[in-house]
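Participant: no sequence for this one, just the structure:
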């Protein structure tokens, strides 16, 4: 019966859960012999690529006892890999709700959960293991003292929020021992009896209720193998007294139509992908062209900005020179002409005259003419506007005119 244990090792997380009784083993073997292995075996592959049996040791024993194909069951097993999955967390999810655990087994389960998820809070560990929070906190403190898990300053609760870890309470009240739960086999028998009573009252209404129940589990039923769902359909058809259609020669239209539709869908997806790729290439080309144009515009604007800055600096220098001439002419007049008197004659204030002499004020042509006339200064010829305008436009090549 246990020859399969020579082929694969049982993970310690699976050994946490109690063995079935002798009657339960016999019932499980008879069920597998009649209906086949309906719940797949679960394997776990750790970081060293070693495979472990995580769930299904009793089903393998029953399969071997009734002469079933153990090798096929292991080949078709569901496999979970590290580090994406944690063995104790998986074992708890698969087994914690199937049968009652003793407190010693729950303490071992808590230790495994703490090794897998030391970042979880005591409340979350307690919820997953089915114990009270203080017991989980005490187990954490013991594991931290032994150095089997790191000490966490902050832990994450069920809501995903991190909080400051709280130590275990001393003299905590021992947990209340829960009442024994109904054995799985008895619970299933009770469910079958209830469905049978529902059908006995009104078979038509009962079948409708049964279909409604199946519809509520459509998502889970879709994960069953297609051949298993087909087998259920055949059994329901026979139970309803209908003829099961032959599987050897299915109607060709049922196979060809979906294939044609699937091929058309693939073709449309390919065309859409090609269109998206072409648009992406076009966008990239436009971005490159835009960057080139921006660079060209910047290069074309540099000479004009340089000439404009040079002309502004020249204008500032001219204002400073003119201001010096104004000051020299004013002081040369006898008797000496003060800034206040000159300001009064020109309708200005003394501060303005002082800033003009320092070259701090840009001079308008009108103000420059008044100062020249009053102080007898000689006017300097200004640059012709046409030449300045041509400098702003750049060379004939820049503006697209013939040279």
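Facilitator: Okay, I see it. Treat the numbers as computed from the prediction; the structure is a model and nothing was measured.

Participant: domain parsing for the protein?
Facilitator: Domains of the chain are assigned by automatic domain parsing as 3-164, 198-244, 298-399.

Participant: Can you check which of these gets nearest to residue 260?
Facilitator: domain 198-244 (20.6 Å; C-beta to C-beta). (C-beta placed from N, C-alpha, C; glycine too.)

Participant: Rounded mean pLDDT for the closest one, please.
Facilitator: Across domain 198-244, pLDDT averages out at 71.

Participant: picking up where we left off before, for the domains of the chain, state which one has the densest average packing.
Facilitator: Across the domains of the chain, the average number of neighbours (mean count of other C-beta atoms under 10 Å) peaks for domain 3-164, which reaches a mean of 17.

Participant: Low-confidence ranges, the stretch 1-150 of the chain, go.
Facilitator: Scanning the stretch 1-150 of the chain for pLDDT under 70 picks out 1-2, 95-102.

Participant: quick one: the strands in it?
Facilitator: In the stretch 1-150 of the chain, the segments counted as strands under DSSP state E, counting those that start in this stretch are 9-10, 42-45, 51-55, 78-81.

Participant: circling back: how about the domains of the chain in JSON lines, adding distance to residue 184?
Facilitator: Formatted as JSON lines, the domains of the chain follow (distance: least, C-beta to C-beta, whole Å):
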{"stretch": "domain 3-164", "distance to residue 184": "6"}
{"stretch": "domain 198-244", "distance to residue 184": "18"}
{"stretch": "domain 298-399", "distance to residue 184": "78"}
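
Participant: Any chance of the strands of the stretch 1-150 of the chain in a markdown table with distance to residue 330 as columns?
Facilitator: A markdown table is the format used below for the strands of the stretch 1-150 of the chain (distance: least, C-beta to C-beta, whole Å):
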| stretch | distance to residue 330 |
| --- | --- |
| strand 9-10 | 110 |
| strand 42-45 | 100 |
| strand 51-55 | 105 |
| strand 78-81 | 96 |
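
Participant: right, and those - which one's nearest residue 104?
Facilitator: Nearest to residue 104, of all the strands of the stretch 1-150 of the chain, is strand 9-10, at 18.4 Å by C-beta to C-beta.

Participant: Adjacent strands (with direction) for the closest one?
Facilitator: Paired with strand 9-10 in the same sheet, following DSSP bridges, are strand 51-55 (parallel).

Participant: quick one, which of the strands of the stretch 1-150 of the chain is nearest to residue 265?
Facilitator: Proximity to residue 265 (C-beta to C-beta) singles out strand 78-81 among those, at 29.8 Å.

Participant: And that closest one, how far out from the chain middle?
Facilitator: 24 Å (C-alpha atoms, centre = their mean, to the nearest Å).

Participant: Identify whichever of the domains of the chain lies nearest to residue 183.
Facilitator: Going by C-beta to C-beta, the one of the domains of the chain nearest residue 183 is domain 3-164, 6.9 Å.

Participant: Could you pick out the longest helix of the protein?
Facilitator: Ranked by residue count, the top helix of the chain under DSSP state H comes out as helix 252-332.

Participant: just checking, what packs against it?
Facilitator: Using 3 or more C-beta pairs under 8 Å, 6 or more residues apart in numbering; DSSP states H and E, the elements in contact with helix 252-332 are helix 350-357, helix 365-375, helix 385-393.
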